[in-house]
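K.L.:
need a 3D model of the following:
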Amino acid sequence: MGKQYISTVSASQAHNSDILGVEITPRYTISVSSDGYARFWDNKKDEVHDPKEFVQSVFIDKSGIHHLAVYENKIPSSTIKVTVLSFACFNGQVKFKQFINDDLTTLEDCVFKLSKSWVPGFYVDPESKQDYFIVNKMNGVTEVYTVSITANADKVSSAFTKYGDLRNGTSSNSSTSSTSSSPFAISLAVNQTDNKKCAVGYINGDVLLYDFQNLKVVYTFRSTDLVVSRNPKLNSSSSIPRAIAFSPGGTLLAVARDNQAAGSITLYDVQYGENVGTLATPSHSAKSVVGGFAHQGWILGIDFDEEGKNLVSCGFDKCVRVWNLETSEREATINISITDLDGASNDDQQDESVASGVKFISKGVRGGAGGDSNEGICVVSFDRGIRWYREAGGI
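P.N.:
A predicted model of the protein is given here:
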């Protein structure tokens, strides 16, 4: 293992319930929770500070929030930056909010919202031609919308128009209203290159790679350890792909699946549809129940760094792992516990430090020593805490 990460700051009781999602923008670390709130943590403060003094809280929905997607882009031929947030709530609704130039005083609701939905995702066209919004529905269909956003100095106008459906191996257009027998779509990743692809993970263990512009399936990635339920009505597997992610260049797709009580990570070549490897801890590890898995618990979050050289993963085994994708070996392991959190009390001990989400932080995003030269990691967890780390050295 060749990397070390230093804890910079942390926040105990960052939410009033389990934290389930996190996204990083250049200005904010955005966390969401089953308490129904989104919290915006300022990235630009000195490395040594109390995060709770520089956070803004926004109520979204009383049912709680389980996924978050962020659209951020500059309006062409202007200096206005627009941020649109998509919040997936436990009642099936997806709610949207938007603001301008990192100024949360401009935060407002979008008119558009959805029901009977699960995981949202945005596509920001690198050529500024056509942006998209993609969302997994509870009936197994994944819907595709075109997005048009305009803005002036004090007002954002966003329009979402239904484009078509992605449904379990077949293509259709938006006028098709037939029902779908697709298994539940539990995860979603959107390729942010000009190669307009998205991947959808289903509870039967399959991950389908779609061309969302042409509304067709490109490849189906099946689990090698697939065990399908004997009840056909469940259409489920013991190999659920809970987290999936594309590399920044769009060449690799990482899929984190359940493997009984453990978690595996498989890498697929997006262009050719081939399995190109797995990430696993050594089988001789003293802590390993069964060798050959990435985590000794289900994996809840994965993310690529900005160069696509490393992958970070986290899960039920209360640890975060950084993987070198050239060698397929671990670069670092961070074990988390409630005692890591600044200001944690004995009352916090009842909450398990299950790592529920993780993101790399690009160089230059966080303030403080090493913020410009070193990348970082942000981890959220069921113990209601948020932890920020930076890579050691290079200051």
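
K.L.:
distance of the residue nearest to His15 when sequence neighbours are not counted from Pro241?
P.N.:
If the residues on either side of it in the chain are set aside, His15 comes closest to Ser33, at 3.6 Å by Cβ to Cβ, 6 or more residues apart in numbering. Where you see a C-beta, it was placed from the backbone N, CA and C, and this is true even at glycine. Here Ser33 is placed at a distance of 23 Å from Pro241 (Cβ to Cβ, to the nearest Å).

K.L.:
neighbour-wise, which of the two wins?
P.N.:
Neighbours were counted for Ser33 and for Pro241 using other Cβ atoms under 10 Å; Pro241 has more, 28 against 23.

K.L.:
the more buried one pairs with what?
P.N.:
Beta bridges link Pro241 to Arg257, judged by DSSP bridges.

K.L.:
does it touch Phe184 like I think?
P.N.:
No: if you go by Cβ atoms under 8 Å, Pro241 and Phe184 don't touch, sitting 11.4 Å apart.

K.L.:
name the residues contacting each of these two.
P.N.:
Shared contacts of Pro241 and Phe184, defined by Cβ atoms under 8 Å, 6 or more residues apart in numbering, comprise Tyr202.

K.L.:
who does the helix or strand harbouring Leu300 touch, helix- and strand-wise?
P.N.:
Element membership for Leu300 (DSSP states H and E) is strand 299-304. On a contact count with 3 or more Cβ pairs under 8 Å, 6 or more residues apart in numbering; DSSP states H and E, strand 299-304 meets strand 241-246, strand 252-259, strand 262-269, strand 310-315, strand 355-361.

K.L.:
I'd like the mean pLDDT over the very next helix or strand once past the last one, please.
P.N.:
Think strand 355-361. Using DSSP H and E, the next helix or strand after strand 355-361 towards the C-terminus is strand 376-381. Here strand 376-381 scores 96 as its mean pLDDT.

K.L.:
so how far is strand 376-381 off the chain centroid?
P.N.:
Centre-to-centre, strand 376-381 and its host chain are 12 Å apart (Cα atoms, centre = their mean, to the nearest Å).

K.L.:
pull the residues that contact it.
P.N.:
Contacts of strand 376-381 (Cβ under 8 Å, 6+ apart): 5, 8, 14, 19-22, 24, 29, 31, 312, 314, 320, 322, 334, 336, 353-361, 365-366, 386-391.

K.L.:
pairing partners for that strand, with directions?
P.N.:
Here, using DSSP bridges, strand 376-381 pairs with strand 355-361 (antiparallel), strand 386-391 (antiparallel).

K.L.:
how about these in CSV, adding distance to Asn191, mean pLDDT and mean neighbour count?
P.N.:
Converted to CSV, the strands paired with strand 376-381 look like this (distance: least, Cβ to Cβ, whole Å; pLDDT from 0 to 100; neighbours: other Cβ atoms under 10 Å):
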stretch, distance to Asn191, mean pLDDT, mean neighbour count
strand 355-361, 17, 97, 24
strand 386-391, 26, 94, 24
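
K.L.:
now render these as CSV, adding distance to Trp118.
P.N.:
Formatted as CSV, the strands paired with strand 376-381 follow (distance: least, Cβ to Cβ, whole Å):
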stretch, distance to Trp118
strand 355-361, 16
strand 386-391, 24
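
K.L.:
these: which one's closest to Gln271?
P.N.:
Ranking these by proximity to Gln271 (Cβ to Cβ) places strand 355-361 first, at 23.7 Å.

K.L.:
and the closest one, how far out from the chain middle?
P.N.:
8 Å.

K.L.:
what comes up buried for the lengthiest strand in the chain?
P.N.:
When the chain is parsed with DSSP state E, its longest strand is strand 156-167. Judged by neighbour count using 16 or more other Cβ atoms under 10 Å, the buried positions of strand 156-167 are 156, 158, 160, 163-167.

K.L.:
same check on stretch 301-318?
P.N.:
In stretch 301-318, counting by 16+ other Cβ under 10 Å, buried: 301-305, 310-318.

K.L.:
state the mean pLDDT of the helix or strand harbouring Val144.
P.N.:
Taking DSSP H and E as the criterion, Val144 maps to strand 142-151. Average pLDDT, strand 142-151: 93.

K.L.:
contact partners of it?
P.N.:
Counting by Cβ under 8 Å, 6+ apart, residues outside strand 142-151 touching it are 71, 73, 75, 78, 80, 82, 84, 100, 122, 130-137, 156-167, 185, 188, 198, 200, 210, 212, 215.

K.L.:
with stretch 211-226 instead?
P.N.:
By Cβ under 8 Å, 6+ apart, stretch 211-226 touches 123, 132, 134, 144, 163-166, 169-173, 190, 196-198, 204-210, 237, 239, 241, 253, 255, 257, 259, 264, 266, 268, 273, 275.

K.L.:
shaky segments in the stretch 201-350 of the chain?
P.N.:
Within the stretch 201-350 of the chain, the segments meeting pLDDT under 70 span 224-237, 283-291, 344-350.

K.L.:
go again with 80.
P.N.:
Flagging of the stretch 201-350 of the chain using pLDDT under 80 yields the residue ranges 224-237, 281-292, 342-350.

K.L.:
where do the strands sit along it?
P.N.:
Listed in chain order, the strands of the stretch 201-350 of the chain (DSSP state E, counting those that start in this stretch) span 207-211, 216-221, 241-246, 252-259, 262-269, 275-279, 299-304, 310-315, 319-324, 329-335.

K.L.:
if you count neighbours, what's buried in the last one?
P.N.:
Of the residues in strand 329-335, 330-332, 334 count as buried by neighbour count, 16+ other Cβ under 10 Å.

K.L.:
out of those, which is nearest to Pro248?
P.N.:
Glu331 (17.4 Å).

K.L.:
how about the contacts made by the closest one?
P.N.:
1-3, 310, 322-324.

K.L.:
which of these are buried, as a ChimeraX select command?
P.N.:
Burial among the contacts of Glu331 is assessed by 16+ other Cβ under 10 Å; the matching ChimeraX selection reads:
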select :310,322,323,324
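
K.L.:
returning to what we had before: could the buried residues of strand 156-167 go into JSON lines alongside pLDDT and distance to Phe40?
P.N.:
As requested, the buried residues of strand 156-167 are arranged in JSON lines below (pLDDT from 0 to 100; distance: Cβ to Cβ, whole Å):
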{"residue": "Val156", "pLDDT": "80", "distance to Phe40": "17"}
{"residue": "Ser158", "pLDDT": "89", "distance to Phe40": "19"}
{"residue": "Phe160", "pLDDT": "95", "distance to Phe40": "23"}
{"residue": "Tyr163", "pLDDT": "97", "distance to Phe40": "30"}
{"residue": "Gly164", "pLDDT": "96", "distance to Phe40": "33"}
{"residue": "Asp165", "pLDDT": "96", "distance to Phe40": "33"}
{"residue": "Leu166", "pLDDT": "95", "distance to Phe40": "32"}
{"residue": "Arg167", "pLDDT": "86", "distance to Phe40": "35"}
